[in-house]
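1. let's see this in three dimensions:
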Amino acid sequence: KGIHCEGSPLRFLFSLLFWDVIFSSDVPDAFLTPFQDAPIDLEFHPFFYKRREALILARIADLELWSDQQLLLELRERWQQSF
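-> Numbers count the residues shown, from 1 in each chain. All right, here's what the predicted structure looks like:
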């Protein structure tokens, strides 16, 4: 048995793990107004990646080093911070 979810659990996990990278205040001009709900370059993938490459690679390195237990702790902590 399965459910039809169109990958939403994976997108959600990715969002929790990369939220601080996606919405980093260290990326110049990603937010031009306080009314934006996402960085302006989010839909332009090559530009988005290039501007956050070091942050993304650092997070991937973290993920490679974390044990299963550490990953669960990180997810729990990020969930509690966000919700």
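2. in what helix or strand does the residue nearest the centre of the chain lie?
-> Centroid check for the chain by CA atoms, centre = their mean gives residue 18 as the closest residue, at 1.9 Å. Assigned by DSSP states H and E, residue 18 belongs to helix 8-22.
3. can you list the buried residues in that helix?
-> Residues of helix 8-22 classed as buried by neighbour count (16 or more other CB atoms under 10 Å): 16-18, 21-22. C-beta here means a position set from N, CA and C on the backbone, and glycine is covered the same way.
4. let me know the closest of those to residue 8.
-> residue 16 (12.6 Å; CB to CB).
5. which residues touch the nearest residue to the closest one once chain neighbours are set aside?
-> Nearest residue to residue 16 in three dimensions, chain neighbours excluded: residue 78, at 4.7 Å (CB to CB, 6 or more residues apart in numbering). Residues in contact with residue 78 (CB atoms under 8 Å, 6 or more residues apart in numbering) are 16-17, 19.
6. could you dump those into CSV and include pLDDT and distance to residue 67?
-> Listed next are the contacts of residue 78 as CSV, based on pLDDT from 0 to 100; distance: CB to CB, whole Å:
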residue, pLDDT, distance to residue 67
16, 94, 17
17, 95, 15
19, 93, 21
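7. I'd like those residues as JSON lines, with distance to residue 47 appended.
-> Shown next, in JSON lines, are the contacts of residue 78 (distance: CB to CB, whole Å):
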{"residue": "16", "distance to residue 47": "24"}
{"residue": "17", "distance to residue 47": "21"}
{"residue": "19", "distance to residue 47": "19"}
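8. for the residue nearest to residue 30 when sequence neighbours are not counted, give me its contacts.
-> Nearest residue to residue 30 in three dimensions, chain neighbours excluded: residue 39, at 3.8 Å (CB to CB, 6+ apart). Residue 39 sits next to 22-23, 27, 30-31, 48 when contact means CB under 8 Å, 6+ apart.
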